[in-house]
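> Let's see this in three dimensions:
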Amino acid sequence: MEAHTVLGEQVRMPVQIRHADACSALFLVDAAAARDLLTGTGLEPITTLPGRAVLSLAFVRYLDGDLGPYHEFAFSLMARQPGRKNSTGAYIHWLPVNQSFTCEAGQSIWGFPKLMADIDITPDGRGHRCEVRVDGQFVLALRVADGFRMPGGAGGASIDAYTARNGILRRTPWVMNPAQVRGRPGGARIELGDHPVSQQLRALGLPARALFSSRIGALRMTFEDAATVLQTREVR
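Numbers count the residues shown, from 1 in each chain. Okay, the predicted model is just below:
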């Protein structure tokens, strides 16, 4: 079994998340701006409609897992490798967390763009709200309504997570087993600050109405080891 040393501790693969809860929202955004964000990664955006790409914003409370408890916010784009079939995945563009161990593990094991931030997740009426600040600066707040109970049980879903760090494009197999799922069209409200990431989201066309939003009350996940897909420049 593959293992990595992180801050003096052994992290064995695959990494298991035994209990988390999550809220997410999907948006149709400007494809040209999405392509700009993907420049140099070796990926191109998925365009479901002419000129429109798919953006996902999500926040997660990790309650029981191999990397300990922490909060996380994810800014990702649906993308693929040009000219390659079956290469669709989620490109993780920005991934702040509020604990140092998972921050180091995410960077060193998978190349995830994790950074330390203040992430406040709170109930808000019939929904949940997440506010993210980096070095004290307000970046964004996302509120997701609880929505309607979705049919079906806790069937698994698998997707590849792409990361681009230090000139290397990596792909990580990521399996999710959700339960207690609620969703609805729309159902999300976003506020943006003046941080550079806030400006990137504005360039994509936010704030805007969400295509769909969801809440997962009980989520299990597995992260495999990362595989190098492409080296876009010399790494020193």
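
> hey, let's count contacts and neighbours off CA atoms from now on
OK.

> Low-confidence regions, this structure specifically.
Low-confidence segments of the chain (pLDDT under 70): 1, 152-156, 232-236.

> Show me what the longest helix seen in the chain packs onto, helices and strands only.
Ranked by number of residues, the top helix in the chain under DSSP state H is helix 196-204. On a contact count with 3 or more C-alpha pairs under 8 Å, 6 or more residues apart in numbering; DSSP states H and E, helix 196-204 meets strand 15-30, helix 31-37, strand 137-145.

> who's in contact with it?
Residues outside helix 196-204 that contact it (C-alpha atoms under 8 Å, 6 or more residues apart in numbering): Val29, Asp30, Ala31, Ala33, Ala34, Val139, Leu140, Leu192, Pro207.

> Also stretch 37-46?
Contacts of stretch 37-46 (C-alpha under 8 Å, 6+ apart): 31, 34-35, 53-54, 77-82, 88, 164, 167-169, 230, 232.

> switch to 7 Å and redo it
Ala31, Ala34, Arg35, Ala53, Val54, Met78, Ala79, Arg80, Gln81, Pro82, Ala164, Leu169 (C-alpha atoms under 7 Å, 6 or more residues apart in numbering).

> Contacts only, for the second one.
It refers to Ala34. Pro45, Ala53, Leu204.

> Distance of the closest residue to Ile190 other than its chain neighbours relative to Ser198?
Spatially, and ignoring its direct neighbours in sequence, Ile190 is nearest to Leu142 (4.5 Å; C-alpha to C-alpha, 6 or more residues apart in numbering). Leu142 sits 12 Å away from Ser198, going by C-alpha to C-alpha, to the nearest Å.

> So those two - more neighbours on which side?
A direct count of neighbours by other C-alpha atoms under 10 Å for Leu142 and Ser198 places Leu142 higher, at 22 against 16.

> mind listing what the spatially most central residue of the chain touches?
With distances taken as C-alpha atoms, centre = their mean, Ala74 lies nearest the centre of the chain, 3.2 Å away. Going by C-alpha under 7 Å, 6+ apart, Ala74 touches Leu57, Ala58, Phe59, Trp94, Leu95.

> give the contact list for the residue nearest to the second one when sequence neighbours are not counted.
The shortest distance from Ala58 to any residue that is not its chain neighbour, by C-alpha to C-alpha, 6+ apart, is 4.0 Å, and that residue is Ser24. Each residue near Ser24 by C-alpha under 7 Å, 6+ apart is listed here: Ser56, Leu57, Ala58, Phe59, Ser213, Ser214, Arg215.

> Tell me how many other residues surround Met150.
14.

> meant to ask about Gly8, not that
Neighbour count for Gly8, taken as other C-alpha under 10 Å: 7.

> Ok, Leu95 next?
The burial count for Leu95: 20, using other C-alpha under 10 Å.

> Who does whichever strand or helix holds it pair with, and is each partner parallel or antiparallel?
In this structure, Leu95 sits in strand 89-97 according to DSSP states H and E. Paired neighbours of strand 89-97 in the sheet (DSSP bridges): strand 70-80 (antiparallel), strand 114-116 (parallel), strand 157-165 (parallel).

> re earlier: out of the helices and strands packed on helix 196-204, which is closest to Tyr70?
strand 15-30 (9.6 Å; C-alpha to C-alpha).

> Report the inter-axis angle for the closest one versus strand 70-80.
Put simply, strand 15-30 runs at 50 degrees to strand 70-80, going by axes from the mean of the first three to the mean of the last three C-alpha atoms, to 10 degrees.

> centre of the chain versus strand 15-30, how much separation?
6 Å (C-alpha atoms, centre = their mean, to the nearest Å).

> same check, this time on stretch 97-106
Relative to the centre of its chain, stretch 97-106 is centred 14 Å away, using C-alpha atoms, centre = their mean.
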